[in-house]
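>>> heads up, no residue letters with this:
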């Protein structure tokens, strides 16, 4: 994923970042975005490695990973070296081409939904 410094200028003149769009569509926080970027860049990573890398609490990283797994952006796999006790997991991002395509399709679907309600809303306002 590109750095979030890439901006899009909306018709209103407001500049928005990819994070803003991801927050709007998926309710992704800044922390979740940083975790996603790290998982993508590292290919495979553990929760403990993310805690160390990002200097975040284990709970914060865990919540972020759970959210990204539930969204289907990250895959959790049980570590082969996990012995007894709590299982250890390795996290991997979904293939980047698949992830980009999925997000593009979701953005298109959101735009279509708004496009579909726009005429109804405008016409209902005019008839009031």
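Good, I have the coordinates. Values in this document were obtained by computation on a predicted structure and should not be read as measured data.
>>> now the longest helix seen in the chain: mean pLDDT?
With secondary structure taken from DSSP state H, the chain has its longest helix at helix 96-127. Averaging pLDDT along helix 96-127 gives 88.
>>> tell me which strands and helices that helix is in contact with?
helix 18-26 (3 or more C-beta pairs under 8 Å, 6 or more residues apart in numbering; DSSP states H and E). The way it works is simple: take the backbone N, C-alpha and C, and place the C-beta from them, glycine included.
>>> Off-centre distance for the helix it packs on?
8 Å (C-alpha atoms, centre = their mean, to the nearest Å).
>>> Where does the prediction get shaky in the chain?
For the chain, residues meeting the criterion pLDDT under 70 lie at 1-5, 82-84, 125-128.
>>> follow-up on the earlier one: tilt between the longest helix of the chain and helix 18-26?
Calculated by axes from the mean of the first three to the mean of the last three C-alpha atoms, to 10 degrees, helix 96-127 forms an angle of 70 degrees with helix 18-26.
>>> So which bits of helix 96-127 are buried?
Neighbour counts over helix 96-127 (16 or more other C-beta atoms under 10 Å) mark 99, 103 as buried.
>>> mind starting the numbering at 633 from now?
With the count now opening at 633, the last piece we talked about shows up as helix 728-759.
>>> quick one: it to chain centroid distance?
Centroid displacement of helix 728-759 relative to its chain, using C-alpha atoms, centre = their mean, is 18 Å.
>>> From residue 752, how far out is residue 721?
Between residue 721 and residue 752 the computed distance is 46 Å (C-beta to C-beta, to the nearest Å).
>>> what does residue 738 give?
Using C-beta to C-beta, we find residue 738 at a distance of 22 Å from residue 752.
>>> same deal with residue 647?
30 Å.
>>> How about residue 701?
Going from residue 701 to residue 752 by C-beta to C-beta gives 36 Å.
>>> do residue 704 as well
Distance, residue 704 to residue 752, using C-beta to C-beta: 31 Å.
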